[in-house]
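J.: what follows is a predicted protein model with its sequence.
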Amino acid sequence: MDKNDVLILGIESSCDETAASVVRNGREVLSNIISSQIDIHTVYGGVVPEIASRLHCENINGVIKMALRDADIGFEDLNAIAVTAGPGLVGALLIGVSEAKALSYAIDRPLIAVHHIEGHVAANYISHKELEPPYVCLIVSGGHTHLCVVRDYDDFEIIGRSMDDAAGEAYDKVARAVGLGYPGGPKIDRAARTGDPNAISFPIGEVRDRPYDFTFSGLKSAVLNYINKAHMTGEEINVPDLSASFQKAVIRQLVDRTVACAEELGFTKVAIAGGVSANSALRKELEKECRKRGMDSYFPEPIYCTDNAAMIAAAAYHSYLRGDFADMKLNASPNLKLGMKAGR
Ligand code: KG4
Ligand code: ZN
């Protein structure tokens, strides 16, 4: 370990993963602990906020201990504590925020408030050590679908967004309707691998006069109508075909708009971030379309696509260098918009 190294402990508890990670110099992951609650929430078909908060409360100390042990460091070696301050479930966020404040006070190290979505974008810096702003980034998670230009590490210009459901939400709703259960994205991804994407023709959503915005409600309704009709006529649904056909429509919308935006604005670097960026077909299609146009595409490794704390520590690094710290008044911001500063 070099004496100039910056070691940041990241803490993430915005939804159903309790996570802690130590990251060196914003890009090198020394440990990455994720305690997932998925098995428990699956029983209810989705995340139950109060259960999520209680489990974060139970697990957070153990998760942090493991992150330090795996990184082979002690609290005294840390330069800062970073935590997701929003957006997310308020009760879940408060566990991480309170823990981070207590730690920061106890070991006398600065506290850094991180925007969860900026964390997802920063996951790309872990997987691509050479990636630097500016570039175009498509952010696709359970709650967000944003097309933006990352002008600098802390400067996001939003070019387009979903007018209704987020892409991950559409995956989850379709998966539930077809009986695949929660969380839907990875299940549809898997089922689609053996399906025919041309089996069913679903509409690719379009927002009139807004070429970089997204809409998934029409597509979702078309899939639900198809399922209802099949139930009424007693027709059996081919889940792999339905998954592949739905996914094809989602991906066309996401990839075509992202690549068109990069082309129009003159960018040659295109990244994706958020849980849906783990999708194998989306990654393949974006890479193909970028390659055709001489653009470079970037995706985080799958483990850094879905919620984790390494991305939070990575995002905090540049705030650390700027001296952009939160104080002991830091609170959770459940509705924090992209581009708004966490912890203000
Ligand atoms: O970013 P994330 O882990 O949490 C939020 O910040 O929302 O995203 C979760 C979303 C869920 O909707 C989940 O179904 C979706 O990401 N997801 C996927 C895949 N893995 C996770 N969607 C499509 N394909 C996947 N492989
Ligand atoms: Zn997330």
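T.: Nice, thanks for sending it over. Keep in mind that what you see is a predicted model, and the values were worked out from it rather than measured. Ligands and ions are numbered 1, 2, ... in the order given.

J.: just the endpoints, please. Distance across stretch 138-148?
T.: End-to-end distance for stretch 138-148, by C-alpha to C-alpha, to the nearest Å: 6 Å.

J.: show me the contact partners of it.
T.: Outside stretch 138-148, the residues within contact range by C-beta atoms under 8 Å, 6 or more residues apart in numbering are 15, 87, 117, 120-121, 136-137, 156-162, 166-169, 172, 183, 212, 214, 216, 254, 257-258, 261, 270-277, 282, 286, 338. In this view, the C-beta of every residue, glycine as well, is placed from N, C-alpha and C.

J.: what about L93, distance to V276?
T.: Distance from L93 to V276, counting by C-beta to C-beta, to the nearest Å: 21 Å.

J.: ah, wrong one, I meant P183
T.: Plainly put, P183 is 11 Å away from V276 if you go by C-beta to C-beta.

J.: okay, the two: which has more neighbours?
T.: V276 (28 against 22; other C-beta atoms under 10 Å).

J.: residues contacting the closest residue to E263 other than its chain neighbours?
T.: Spatial nearest neighbour of E263, chain neighbours left out: R293 (6.5 Å); criterion: C-beta to C-beta, 6 or more residues apart in numbering. Contacts for R293 (C-beta under 8 Å, 6+ apart) come out as V259, A262, E263.

J.: the last one: which element?
T.: It stands for E263. For E263, the host element (DSSP states H and E) is helix 239-265.

J.: tell me the mean pLDDT over that helix?
T.: For helix 239-265, the mean per-residue pLDDT is 98.

J.: buried ones in that helix?
T.: Buried residues in helix 239-265, defined by neighbour count with 16 or more other C-beta atoms under 10 Å: 239-251, 253-255, 257-259, 261-262.

J.: and for stretch 299-306?
T.: Using 16+ other C-beta under 10 Å as the test for burial, stretch 299-306 gives F299, P300, Y304, C305, T306.

J.: what is the nearest of these to ligand 2?
T.: T306 (6.8 Å; C-beta to the ion).

J.: the closest one contacts G275, doesn't it?
T.: Yes. Applying C-beta atoms under 8 Å as the test, T306 and G275 come out as touching, 4.6 Å apart.

J.: shouldn't G142 be within a helix?
T.: No. The assignment for G142, made by DSSP: H, G, I helix; E, B strand; the rest coil, is coil rather than a helix.

J.: number of residues surrounding it?
T.: Counted with other C-beta under 10 Å, G142 comes out at 22.

J.: quick one: name the residues of this protein near ligand 2.
T.: S141, D307 (C-beta under 5 Å from the ion).

J.: nearest spatial neighbour of the spatially most central residue of the chain, chain-adjacent residues omitted?
T.: The residue lying closest to the centre of the chain (C-alpha atoms, centre = their mean) is G274, at 2.4 Å. Distance criterion C-beta to C-beta, 6+ apart; nearest residue to G274, sequence neighbours excluded, is S141 at 3.3 Å.

J.: ok, A260 next?
T.: Distances taken as C-beta to C-beta, 6+ apart place P211 nearest to A260, at 6.8 Å, with adjacent residues excluded.

J.: wait, what's in contact with R291?
T.: S297.

J.: okay, and it sits in which element?
T.: For R291, the element it lies in under DSSP H and E is helix 280-292.

J.: now do the buried residues in that helix.
T.: A281, L282, R283, E285, L286, E287, E289, C290.

J.: ok, now stretch 332-344?
T.: Buried, per 16+ other C-beta under 10 Å, within stretch 332-344: A332, S333, P334, L336, L338, A342, G343.

J.: kindly report the same for stretch 102-122.
T.: The neighbour-count check on stretch 102-122 (16+ other C-beta under 10 Å) flags 103-104, 109-122 as buried.

J.: all set now, cheers.
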